[in-house]
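Trainee: Next input, structure requested:
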Amino acid sequence: MPEEVFPISDTPKDTDHVAIKELLEKNLKWSQIIYEQNRKINSKILWMNITSWVRVLVILAPLVAGILFLPALYKKFQERYGFLLPASAPPAAQQAPLSVEEMLKILSLTDAQRAQLRGMLK
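Mentor: Model (predicted):
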């Protein structure tokens, strides 16, 4: 019968217990090191997720605010300055284009400023 390469003994030796105990202690130390690394990694991943959501909110908040508030602001702009843009005025309110004199009357300018503008336009 061939000799066994790794003899198996039924009776455990003290050296076997010591070796197993050392291996268990090393395993425990490595497990603790890996656990600490995993805690740090999980913390970093959590903060990365939080900052990514903050970035999304920083981008989406102005877009949503624009969608909600721009129509009202555009309507007010249209009411105030719609006469300057006759193509964008409603069909019932379309008038003949304003003359330079009428525009100068609308602008809040002094007489000297109006005279200066008339000189530049001629």
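
Trainee: what's the least confident helix or strand in this structure, going by average pLDDT?
Mentor: Least confident helix or strand, the chain: helix 100-106 with a mean of 78, by mean pLDDT, DSSP states H and E.

Trainee: what packs against that one?
Mentor: helix 111-121 (3 or more C-beta pairs under 8 Å, 6 or more residues apart in numbering; DSSP states H and E). (Each C-beta comes from the backbone N, C-alpha and C, glycine too.)

Trainee: in the helix it packs on, what counts as buried?
Mentor: Neighbour counts over helix 111-121 (16 or more other C-beta atoms under 10 Å) mark no residue as buried.

Trainee: quick revisit: tell me which residues are up against the least confident helix or strand of the chain.
Mentor: 83, 98, 114, 117-118, 121 (C-beta atoms under 8 Å, 6 or more residues apart in numbering).

Trainee: cool, stretch 43-53 as well?
Mentor: Nothing outside stretch 43-53 qualifies as a contact, by C-beta under 8 Å, 6+ apart.

Trainee: so for it, what's the average pLDDT?
Mentor: Stretch 43-53 carries an average pLDDT of 98.

Trainee: Could you export that stretch as PDB, CA atoms only?
Mentor: Only the C-alpha atoms of stretch 43-53 are listed here, as PDB (Å, rounded to 0.1, in the frame of the first residue of the first chain):
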ATOM      1  CA  SER A  43     -19.900  56.400   4.800                       C
ATOM      2  CA  LYS A  44     -18.300  57.800   1.600                       C
ATOM      3  CA  ILE A  45     -20.900  56.200  -0.600                       C
ATOM      4  CA  LEU A  46     -23.600  57.700   1.600                       C
ATOM      5  CA  TRP A  47     -22.100  61.200   1.200                       C
ATOM      6  CA  MET A  48     -21.700  60.700  -2.500                       C
ATOM      7  CA  ASN A  49     -25.400  59.900  -2.800                       C
ATOM      8  CA  ILE A  50     -26.400  62.900  -0.700                       C
ATOM      9  CA  THR A  51     -24.300  65.300  -2.800                       C
ATOM     10  CA  SER A  52     -25.600  63.800  -6.100                       C
ATOM     11  CA  TRP A  53     -29.200  64.500  -4.900                       C
END
